[in-house]
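Visitor: Need coordinates for the below:
(one chain, ligands or ions: 1)
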Amino acid sequence: MTQSTHFPADFTWGVATSAFQIEGAWATDGKGPSIWDTFCSKPGNIKDASDGTVACDHYHRYREDVGLIASLGVDAYRFSIAWARVQPTGKGAWNEAGFAFYDRLLSELEAKNIKAHVTLYHWDLPQGLQDDGGWLNRDTAHRFADYAAEVARRFGNRVATIATHNEPWCTANLGYGNAQFAPGVANAKQAIQVSHHLLLSHGLAMSAMRAAKVSAALGIVLNQWTADPATDSQADRDMAELEYARSVQWFMDPIFKGRYPELALRAHGADAPVVHDSDMGIICQRIDFLGCNYYFRSWCSAANPPLPAPGKHGFTDMGWEIYPQGLTELLLKLNAEYDLPPIYITENGMANPDEAGAPDHARIAFVRSHLEALQSAMQAGVNVQGYFLWSLLDNFEWNSGYAKRFGIIHVDYATQQRTPKESAHWYRELITSQR
Ligand code: IFM
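Guide: You can find the predicted model right below:
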């Protein structure tokens, strides 16, 4: 990025994390277990056999971590609330000690003038609700709305934004479609029904939070990509169209248009979700912002074996193709298809096998190229209000355990020593140059 390319003066620069990935303190101060605690305890589920019991010990080190956030010069911090910390079984009594932790965290952020962007659900459902059927049980959507209302009541005037869900595509498809994530179910029909209940829970939570009349902007965070055909063949083009419908439009159309995309519905056939008459009206309501998480494009090849993605800019340690122009293309496509509210890029970043102190040039190049792509979209008229780099810290990367490092701050898990990487220094300088 050249120094001459400036983002708007009020553009929000941030970093992001999520509760299960950094907090640890899995059973401290009355916290209940979540489905990720259960999932990690089953051998074979996590590649390095690790879990989230300690993670980055952020629960105890949040002051130091907020100090690190402040040292980056960012405007904002995106984090999630662990539902089971504030309501141990997902229903019934609130856990005051759990809320007190987030109260302390918010006070620390306020003292440093850093805006809080909160996510209510970043995949860690209270195990108590899983025991009642989890997201396959429609009632979980109502429990989620109660939880959302309570968080809004307590914190809704202290935070900049509240997102209902983070990446519901993952909750449904990785949690229930292919068993890669908690709760570890592999059942295509269930995954589709779960996606509907997640959307319903989003709508119910939006209404419940609106009723609390809070100052926070309310919305949702979706992981999104363009789907590119590997060749010009009809088979590849059909595959790409269907992939986009089943992933991006599957969540966007209900929220913005009040219906599921016809192409995906047809493809789902008998697996299509059970939808009650009033559901679409609940789901399709104004949101104040859309959070977009962008990491890669979807590469669609119907050949056997499939043609590999070109990877002109390389691949990350996750094996994900680096494709910055996909961010421009995605934002322009969404802008053309939907009547969008302001957008935040709520996640973008890369995993790298970093050693403490070793330079992470690849991450700097990744972020720079994606910011350039973002700027192209903004220059073409897309209203983007901020960018959150994933992630503040190296952390628990779900079924990859601690082996994948997304942080701009290195974490030595044996000592909990935090060491800013070169990308952290670069990000701070970039933000300073944008003021
Ligand atoms: O670590 C995750 C995060 O929890 C959700 N979005 C993608 C990140 C990288 O896989």
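
Visitor: centre of the chain versus stretch 243-259, how much separation?
Guide: From the chain centre to the centre of stretch 243-259 is a distance of 17 Å (CA atoms, centre = their mean, to the nearest Å).

Visitor: which outside residues touch it?
Guide: With CB atoms under 8 Å, 6 or more residues apart in numbering as the contact definition, stretch 243-259 has outside contacts at 168-169, 195, 199, 202, 220, 222, 224-227, 260-261, 263-264, 267, 280-281, 283-284, 287, 298, 300, 334, 337-340. Yep, even glycine has a C-beta here, placed from its N, CA and C like the rest.

Visitor: For it, buried residues please.
Guide: Neighbour-count burial for stretch 243-259, with 16 or more other CB atoms under 10 Å as criterion, is recorded at 243-256.

Visitor: what does the stretch 101-250 of the chain have sitting close to the ligand?
Guide: The stretch 101-250 of the chain has residues residue 167 near the ligand, with proximity defined as CB under 6 Å from any ligand atom.

Visitor: Residue of the stretch 101-250 of the chain nearest the ligand, please.
Guide: Shortest the stretch 101-250 of the chain-to-the ligand distance, computed as CB to the nearest ligand atom: residue-wise this is residue 167, at 5.6 Å.

Visitor: Distance of that residue relative to residue 18?
Guide: Spatial separation of residue 167 from residue 18 under the definition CB to CB, to the nearest Å is 10 Å.

Visitor: shared neighbours of these two, anything?
Guide: Where contact means CB under 8 Å, 6+ apart, the residues bridging residue 167 and residue 18 through contact with each are residue 123.

Visitor: so where's this structure shaky on pLDDT?
Guide: Under the criterion of pLDDT under 70, the regions of the chain flagged as low confidence span 1-4.

Visitor: secondary structure element for the nearest residue to residue 86 once chain neighbours are set aside?
Guide: Leaving out its chain neighbours, the residue that sits closest to residue 86 by CB to CB, 6 or more residues apart in numbering is residue 98, at 4.1 Å. Assigned by DSSP states H and E, residue 98 falls within helix 96-111.

Visitor: So residue 193: helix, strand or coil?
Guide: Here residue 193 is recorded as helix under DSSP: H, G, I helix; E, B strand; the rest coil.

Visitor: Same question for residue 140.
Guide: helix.

Visitor: Quick check: it vs residue 413, distance?
Guide: In this structure, residue 140 and residue 413 are 33 Å apart, going by CB to CB.

Visitor: And these two? Which one has more around it.
Guide: residue 140 (24 against 15; other CB atoms under 10 Å).

Visitor: Please verify my assumption that that one contacts residue 131.
Guide: No - between residue 140 and residue 131 no contact is recorded; they are 11.1 Å apart, counting by CB atoms under 8 Å.

Visitor: Tell me the first helix or strand C-terminal of the helix or strand encompassing residue 336.
Guide: Secondary-structure element containing residue 336, defined by DSSP H and E: helix 325-337. Scanning the chain past helix 325-337 towards its C-terminal end, the next helix or strand to appear is strand 343-347 (assignment: DSSP H and E).
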